[in-house]
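1. The sequence and its predicted three-dimensional model are supplied below.
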Amino acid sequence: MFLLGAMLCFPNAARTLGLRQAGLWLDVGTTTPERVDYVLSLGGGEEIRPFVGASLVKVGLANQALVLQTKNNPDIQDGISRPTQEIIRDVYLVRGTPPEKLVFLDGSPSTTFEESLAVRRFLESRKRAVSLAIVTHDFHTRRARWVFRQSLDGIPVNLVMVSAPSENFRLETWWASKQGFTTVVAEYLKLAAYHVHYGHGLWWFLSVAGIGGWLFWRRRRVGKTSELTN
Amino acid sequence: MRTSHFLIVSVIVVCVAAHRPILRALGGGLVVDQEPPPSCTHIVVLGGDKRYDVAAKLIGETPKWKLLHLGGKYSRLVEYHVLPPWEDHFKQQMRERGAPEERIEFRGATLQNSWKTVTELNRWLQEQDDAGVVVLCERFNSRCLRYQLDTILSPEHAARVSLLALPDRRYNEQDWWRSRTGLKQFVYAGIDLAATWWFGPEGEAEDVPRWTPDEYEKQLRLVQDR
């Protein structure tokens, strides 16, 4: 707690302690990708992600854009918000993507993992290896890449992560603002939760806890034996 | 067994046996739900499940109350006409629910975050000597909003504002840990409350130059040409 307080109070010291690296570590994407067959803007950041995807199609770096049918939240069910796939579609169209370049995918994903499964179903129907650019916020690229690699295992696909910028903070100085702090902390928690839920994180945790417990027990035992000997 | 071991085991046993009341208390700690102030004249809709239905119902039940719309965030989706402007959206939602347009007051401010919203509300209260406000908000966000109100507003003005923490149909403070959405919202609200307290009104966001799709496309073309 003291260390966290010290790091937040002294930004210069914080940099040396690796906070900057902790933010940048989350970003495994590029902003200027190579040419790909498909581009997919992940849900949840409609203010910027589909705009990045549309730009890639417009300049000829992506041949077609995948648009996912997403799960409706209560606001969409009540008619307060427009369905996400409609917003994404309209962004592509308003930014000059021809309608025939849009490919709509089924499924109703509400998480990154469910989105990756919808993409897997689509790619399974392809006869040849394809390249796919996934557009998401810079801080989300590491988790998204991990999830898509897990889900697309065995599918011949070249994944390219494309980073859309965070608009209220910089990843290099995430600890200097509330928006950056909450986003990065939440992202680390989600990354851990994903590793536990969808990967081998729980086994790692149990293994480390088991070894730690065994070492602690052994140290105590050695201490007791030496007390008896003396 | 040593005293320290006994204490650790006791704490674990209590946590396991009484986890439901503990989790309920933690969820309840994020909620501030208040009665409208006696001088209430206006409703401000900031968030929450079924917020427009509740606002329309309150307006229908209390003829002297009005709706106050403080403003909205800059939105690229609005700029590119993918979504309607905030004011049009609000008018349409209220019209659909039978609330007359003449009972809506618009401030038209650009409010990039909740601190700015509270500051704008403060400005409005300073102009209105005898107005009271009930704010409709997300249930788990209400503690944070109350903290912001009490920080920005003077005690006299703060007493003229109450929060109606709207329940979410998917979870509440009694069962938030049972659903993925509830768990996520609880964690986000907890982090948000802590960060709001730590960073205060000045540390909300960094001043980052606005990203534009046209500039980005220029950058992509430059890289392609190399």
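-> Noted; the coordinates are in hand. Predicted model only: the values in this text are computed from it and were never measured.
2. How are the helices of chain A distributed by residue range?
-> In chain order, chain A shows helices spanning A:2-9, A:11-16, A:19-25, A:49-58, A:74-77, A:84-94, A:112-124, A:141-151, A:178-198, A:201-229, with DSSP state H as the criterion.
3. for chain B, same thing?
-> Assigned by DSSP H, chain B shows helices spanning B:3-17, B:19-28, B:51-61, B:76-79, B:86-96, B:114-127, B:142-152, B:155-158, B:180-199, B:213-225.
4. could you dump the worst-scoring helix or strand of chain B on mean pLDDT to CSV, C-alpha only?
-> Taking mean pLDDT, DSSP states H and E as the measure, the helix or strand of chain B with the lowest value is helix B:3-17, at a mean of 83. Listed next in CSV are the C-alpha coordinates belonging to helix B:3-17 (Å, rounded to 0.1, in the frame of the first residue of the first chain):
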residue,chain,number,x,y,z
THR,B,3,-3.0,-17.1,18.9
SER,B,4,-2.1,-15.7,15.4
HIS,B,5,-3.0,-19.0,13.8
PHE,B,6,-6.3,-19.2,15.7
LEU,B,7,-7.1,-15.6,14.6
ILE,B,8,-6.4,-16.4,10.9
VAL,B,9,-8.5,-19.6,11.0
SER,B,10,-11.3,-17.7,12.7
VAL,B,11,-11.3,-15.0,10.1
ILE,B,12,-11.4,-17.6,7.3
VAL,B,13,-14.2,-19.5,9.0
VAL,B,14,-16.3,-16.3,9.5
CYS,B,15,-15.7,-15.1,5.9
VAL,B,16,-16.8,-18.5,4.5
ALA,B,17,-19.8,-18.9,6.8
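5. ok and it relative to helix B:19-28, angle-wise?
-> Per axes from the mean of the first three to the mean of the last three C-alpha atoms, to 10 degrees, the angle that helix B:3-17 makes with helix B:19-28 is 80 degrees.
6. Go ahead and confirm A:Ala144 touches A:Thr136.
-> Yes - with contacts counted by C-beta atoms under 8 Å, A:Ala144 reaches A:Thr136, the gap being 5.0 Å. No exception for glycine: its C-beta is placed from N, CA and C like everyone else's.
7. Quick check: neighbours shared by those two?
-> With C-beta atoms under 8 Å, 6 or more residues apart in numbering or on different chains applied, the overlap between the contact sets of A:Ala144 and A:Thr136 consists of A:42, A:161.
8. So for the two, which residue has more residues nearby?
-> More crowded of A:Ala144 and A:Thr136, by other C-beta atoms under 10 Å in any protein chain shown: A:Thr136, with 27 against 24.
9. Check that one and give its pLDDT.
-> As summarised for this prediction, A:Thr136 has a pLDDT of 97.
10. quick revisit: rank the helices of chain A by pLDDT, which is bottom?
-> Looking at these, the lowest mean pLDDT belongs to helix A:2-9 (a mean of 59).
11. residues in contact with the residue nearest to B:Gly28 when sequence neighbours are not counted?
-> Distances taken as C-beta to C-beta, 6 or more residues apart in numbering or on different chains put B:Glu173 closest to B:Gly28, at 4.7 Å, once the chain neighbours are dropped. If a contact means C-beta under 8 Å, 6+ apart, then B:Glu173 has B:24, B:27-28, B:30-31, B:139-140 as its contacts.
12. rerun at 7 Å
-> In this structure, B:Glu173 makes contact with B:24, B:27-28, B:31, judged by C-beta atoms under 7 Å, 6 or more residues apart in numbering or on different chains.
13. Kindly report the residues of chain B close to chain A.
-> For chain B, the contact set with chain A under C-beta under 7 Å from any C-beta of the partner chain comprises B:49-50, B:52, B:75-77, B:80-83, B:93, B:169, B:187-188, B:191-192, B:195-196, B:199, B:203-206, B:208, B:211, B:213, B:216-217, B:219-221, B:223-224.
14. and these, which are buried?
-> Neighbour counting by 16 or more other C-beta atoms under 10 Å in any protein chain shown classes B:49-50, B:52, B:76-77, B:82-83, B:93, B:187-188, B:191-192, B:195-196, B:199, B:203-206, B:208, B:211, B:213, B:216-217, B:220 among the residues of chain B next to chain A as buried.
15. I'd like to know which residues of chain A are adjacent to chain B.
-> Looking at chain B, the residues of chain A close enough under C-beta under 7 Å from any C-beta are A:32, A:46-48, A:51-52, A:55, A:58-59, A:61, A:74, A:78, A:80, A:82, A:87, A:90-91, A:94-95, A:165, A:167-170, A:173, A:176-182, A:185-186, A:189.
16. among those residues, which ones are buried?
-> Of those, these count as buried by 16+ other C-beta under 10 Å: A:46-48, A:51-52, A:55, A:58-59, A:61, A:78, A:80, A:82, A:87, A:90-91, A:94-95, A:165, A:167-170, A:173, A:176-182, A:185-186.
17. doesn't A:Leu56 make contact with A:Thr96?
-> Careful, residue A:96 is Gly; it's not Thr. No - using C-beta atoms under 7 Å as the test, A:Gly96 is too far from A:Leu56 to be in contact (11.9 Å).
18. more neighbours, these two?
-> Applying other C-beta under 10 Å to A:Gly96 and A:Leu56 shows that A:Leu56 carries more neighbours, namely 26 against 12.
19. Can you check the contacts of B:Glu173 and name whichever has the most neighbours?
-> In terms of neighbours by other C-beta under 10 Å, the contacts of B:Glu173 top out with B:Gly27 at 23 neighbours.
20. Look up phi and psi at the spatially closest residue to it that is not a sequence neighbour.
-> If the residues on either side of it in the chain are set aside, B:Gly27 comes closest to B:Glu173, at 3.3 Å by C-beta to C-beta, 6+ apart. Its backbone dihedrals place B:Glu173 at phi -70, psi -10, with angles given as degrees, to the nearest 10.
21. how much space between B:Glu173 and chain A?
-> Distance from B:Glu173 to chain A, counting by C-beta to the nearest C-beta, to the nearest Å: 18 Å.
22. isn't B:Tyr188 right next to A:Val185, touching?
-> No - using C-beta under 7 Å as the test, B:Tyr188 is too far from A:Val185 to be in contact (10.0 Å).
23. related to what we said a few turns ago, burial-wise, tell me which of the helices of chain A comes out on top.
-> Taking mean count of other C-beta atoms under 10 Å in any protein chain shown as the contact definition, the stretch among these with the greatest mean neighbour count is helix A:49-58, which reaches a mean of 26.
24. per the record, what domains does chain A have?
-> Under automatic domain parsing, the residue ranges defining each domain of chain A are A:26-198, A:200-230.
25. would you list the ones you listed in a markdown table and tack on distance to B:Trp65?
-> Conversion of these to a markdown table gives the following (distance: least, C-beta to C-beta, whole Å):
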| stretch | distance to B:Trp65 |
| --- | --- |
| domain A:26-198 | 21 |
| domain A:200-230 | 51 |
